[in-house]
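K.L.:
Predicted model and sequence follow; I will ask about them next.
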Amino acid sequence: MFAVKAHFDGKVIVPDESVDLPKNQPLLLRIELAKVAEGAEEQSALEWIAENAVADDPYPPDYSYQLDHYLYGTPKKPPPGP
């Protein structure tokens, strides 16, 4: 089972994204109305990040580079150099 965002155009339900299904595949649909905040506009990911930024980030600044160290306890890699 998977979820697909879609909209109703007045006659049919139209997926908002590509759906990889064989033609004429029988389906059982469960329809839920999406909750949209009143007066809400779409917001870019960068706007959301800027609005939700925190002053005191609890994560180390080298988190992505040293991911194996923080997840699996492997020795830290030397810092990347020029």
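P.N.:
Thanks, I have it. Numbering: from 1, shown residues only.

K.L.:
Just the helices from the protein, written as ranges.
P.N.:
With helices called from DSSP state H, the chain shows them at 45-51, 67-72.

K.L.:
Just tell me which of those helices ends up closest to residue 13.
P.N.:
Minimum separation from residue 13 across the helices of the chain (CB to CB) falls at helix 45-51, 26.6 Å. Where you see a C-beta, it was placed from the backbone N, CA and C, and this is true even at glycine.

K.L.:
Restricting the selection to alpha carbons, write the closest one to CSV.
P.N.:
Written as CSV, here are the backbone C-alpha positions of helix 45-51 (Å, rounded to 0.1, in the frame of the first residue of the first chain):
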residue,chain,number,x,y,z
ALA,A,45,11.7,24.3,2.0
LEU,A,46,14.3,27.1,2.3
GLU,A,47,11.7,29.4,3.8
TRP,A,48,10.6,26.7,6.3
ILE,A,49,14.2,26.1,7.3
ALA,A,50,14.8,29.9,7.8
GLU,A,51,11.7,30.3,9.9
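
K.L.:
For it, the averaged confidence score.
P.N.:
For helix 45-51, the mean pLDDT works out to 85.

K.L.:
Could you report the distance from the most centrally placed residue in the chain to residue 30?
P.N.:
Nearest to the geometric centre of the chain sits residue 45, at 9.5 Å (CA atoms, centre = their mean). Distance, residue 45 to residue 30, by CB to CB, to the nearest Å: 28 Å.

K.L.:
ditto for residue 54
P.N.:
37 Å.

K.L.:
now do residue 77
P.N.:
47 Å.

K.L.:
of these two, who's got more company?
P.N.:
Counted by other CB atoms under 10 Å, residue 77 and residue 30 do not tie: residue 77 has more neighbours, with 12 against 6.
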